[in-house]
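S.K.: This is a predicted model, with the sequence first.
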Amino acid sequence: MTDAMTERGTAAEAGGAWADPLERLRAAARAREAAGLRRVLLPRDGGHGGLIDLASNDYLGLCRDPRLAAGAEAAVREYGTGSTGSRLVTGTTELHAELDRRLAALTGTAAGLVFSSGYLANLGAIATLGGRDVLVVSDRTNHASIVDACRLSRSRVVITPHRDVAAVERALAERDERHALVVTDAVFSVDGDVAPLAALHQAARAHGALLVVDEAHALGVVGDGGRGAAHAAGIAGEPDVVLTLTLSKSLASQGGAVLGAPEVIETLVDASRAFIFDTGLNPAAAGAALAALDVLETEPDLPERARDRARRIAASAARLGLETTPDPAAAVVPVFLGAPEDALHARDLCRKNGLKVGCFRPPSVPDGRSCLRLTARATLDEAELTVLRGALEVIARSTGRSLHT
Ligand code: PMP
């Protein structure tokens, strides 16, 4: 008999000393309720219930575009409703191979590999390129999928202050590990600001590290033709730069990819568990993403239109004395409110005034930084922007901030 069995027997004999396993969860839920941190799933109709959508990541407004629907439909008719297996077995169709190539061509990288989500692309890239003899240096506000990837990598991880290149350099210089990765969001998913990519690349190169850049919020929005932040910073094609991205935001589909030097992509094909043991991307999603890339090519002004809407939303918020990211480089515009209850109240005011917005509270953001997350869309029109300004005015009044109109 093992010690554990002895103990279990003793506890049971002592009159059921084991705790109710669900009571632990109920107690934690009550604590979250009291802190304003409960979350509810709200199914939506085909639109957004008559509200103006400022919550989704459909930055280019392509999600209902008939060209993407036709791409998805053609893919289903040709390849079926599922990819039928992992990419190494039956899950790579001609569409997947074309998407690998076209994402690399768009971002200016040598090679690409499509994963079934952006989350898995980060897990695949960082867990595979990391390891016990690799230091990983990660920005404090990186996306949760990067945080999880760092944990999975078994690397020692140094978390650096937000956008702090000197801290990154220090961590790289002081390491004992032979190898290193520097990992950053290109556009940070809540604050909407951009990483200092050129300086990070210089630091990484000076210390023999790879730089991994998550282009999730930059692809399709930042840079000429939406080619992303690494391309805009002039580092995309460098052999020591690895990009990850999602197909689910500006490309209005689903899936993810890793892009970089052929050696990086070959390593992932051979060794990434998130790649090897996952079913390949659904053909419909690959077809829609390819159609979105066609649209980006034929309408190269779409990214600038999304950026323009973001700048105007941020300017309206700033004029009303609301705390925001003053000069957003992509489509994400936060409005910081502080306490979770204040953010929830502001979200309700938005809803009453015709807007659907994101509301971010801990653990998605640090304590005291609860906020609304407004996302600009290339297709937002003047009437919608006027409604938005009206809602921001109501919020500014309700928070007692002075109006500078
Ligand atoms: N990286 C960032 C910065 C993200 O914001 C997200 C999605 N919210 C992901 C990765 C994950 O992408 P996906 O939703 O395709 O899994």
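M.R.: On my side now, so go ahead.
S.K.: what residues are up against Val333?
M.R.: Residues near Val333 by Cβ atoms under 8 Å, 6 or more residues apart in numbering: 192, 310, 313-314, 317, 324-325, 373-376. All C-beta atoms are positioned from the backbone trio N, CA, C, and that covers glycine.
S.K.: quick check, nearest of those to Pro161?
M.R.: Thr325 (17.1 Å; Cβ to Cβ).
S.K.: Leaving out the residues flanking it, which one is nearest to the closest one?
M.R.: Gly192 (4.6 Å; Cβ to Cβ, 6 or more residues apart in numbering).
S.K.: which bits of the protein sit near the ligand?
M.R.: Residues of the chain found near the ligand (Cβ under 6 Å from any ligand atom) are 117-119, 122, 143, 145, 185, 189, 214, 216-217, 246, 248, 256.
S.K.: mind running it again at 5 Å?
M.R.: Contact residues (Cβ under 5 Å from any ligand atom) of the chain with the ligand: 117-119, 143, 145, 185, 189, 214, 216, 246, 248, 256.
S.K.: Just among the residues you listed, which is most surrounded?
M.R.: Asp214 (32 neighbours; other Cβ atoms under 10 Å).
S.K.: That one and Phe188, how far apart?
M.R.: 10 Å (Cβ to Cβ, to the nearest Å).
S.K.: Quickly list what's touching both of those two.
M.R.: Common neighbours of Asp214 and Phe188 (Cβ under 8 Å, 6+ apart) are Asn142.
S.K.: burial of the closest residue to Leu152 other than its chain neighbours, as a residue count?
M.R.: Spatial nearest neighbour of Leu152, excluding adjacent residues (Cβ to Cβ, 6+ apart): Ala127 at 4.2 Å. By the other Cβ under 10 Å criterion, the neighbourhood of Ala127 contains 22 residues.
S.K.: Who are the contact partners of Ala127?
M.R.: Contacts here follow Cβ under 8 Å, 6+ apart; on that basis Ala127 touches 149, 152-153, 272-274.
S.K.: Now, of these, which are buried?
M.R.: 149, 152-153, 272, 274 (16 or more other Cβ atoms under 10 Å).
S.K.: list the buried ones in stretch 219-228?
M.R.: Neighbour-count burial for stretch 219-228 flags 219-223, 225-228 (criterion: 16+ other Cβ under 10 Å).
S.K.: in the stretch 301-405 of the chain, what residue is nearest the ligand?
M.R.: Val332 (9.2 Å; Cβ to the nearest ligand atom).
S.K.: rewinding a little: out of the residues of the chain next to the ligand, the closest to the ligand would be?
M.R.: Proximity of those to the ligand (Cβ to the nearest ligand atom) peaks at Gly118, which lies at 2.4 Å.
S.K.: How about Asn205, nearest residue that isn't a chain neighbour?
M.R.: Just to correct that, residue 205 is Arg rather than Asn. Distance criterion Cβ to Cβ, 6+ apart; nearest residue to Arg205, sequence neighbours excluded, is Asp240 at 5.9 Å.
S.K.: so what's Gly237 up against?
M.R.: 108-110.
S.K.: Now which of those residues would you call buried?
M.R.: Buried members of the contacts of Gly237, counted by 16+ other Cβ under 10 Å: 108-110.
S.K.: for those residues, which one is nearest the ligand?
M.R.: Thr109 (17.1 Å).
S.K.: For the closest one, what are phi and psi?
M.R.: Here is the backbone geometry of Thr109 (degrees, to the nearest 10): phi -110, psi 170.
S.K.: doesn't Pro239 make contact with it?
M.R.: No: using Cβ atoms under 8 Å as the test, Thr109 is too far from Pro239 to be in contact (9.9 Å).
S.K.: list residues touching both of those two?
M.R.: Gly260.
S.K.: Distance to Arg32 and pLDDT for the contacts of Ala127 - can I get that in CSV?
M.R.: What follows is those, written out as CSV (distance: Cβ to Cβ, whole Å; pLDDT from 0 to 100):
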residue, distance to Arg32, pLDDT
Ala149, 26, 98
Leu152, 26, 98
Ser153, 29, 98
Ser272, 34, 98
Arg273, 32, 98
Ala274, 29, 98
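S.K.: Now do the strands in the stretch 301-405 of the chain.
M.R.: 323-324, 332-338, 355-360, 370-375 (DSSP state E, counting those that start in this stretch).
S.K.: Show me this structure divided up by domain.
M.R.: 66-298, 301-398 (automatic domain parsing).
S.K.: and of those domains, who's closest to Leu25?
M.R.: Short answer: domain 301-398, nearest of the domains of the chain by Cβ to Cβ, at 16.6 Å.
S.K.: I'd like the mean pLDDT over that closest one, please.
M.R.: For domain 301-398, the mean per-residue pLDDT is 95.
S.K.: all strands in this structure, in order from the N-terminus.
M.R.: Listed in chain order, the strands found in the chain under DSSP state E are 52-54, 111-115, 134-139, 156-160, 179-185, 210-214, 241-246, 256-260, 323-324, 332-338, 355-360, 370-375.
S.K.: What pLDDT is listed against the residue lying closest to Glu98 once chain neighbours are set aside?
M.R.: Spatial nearest neighbour of Glu98, chain neighbours left out: Leu290 (6.3 Å); criterion: Cβ to Cβ, 6+ apart. pLDDT for Leu290: 99.
S.K.: Next: Ala203.
M.R.: At Ala203, pLDDT is 98.
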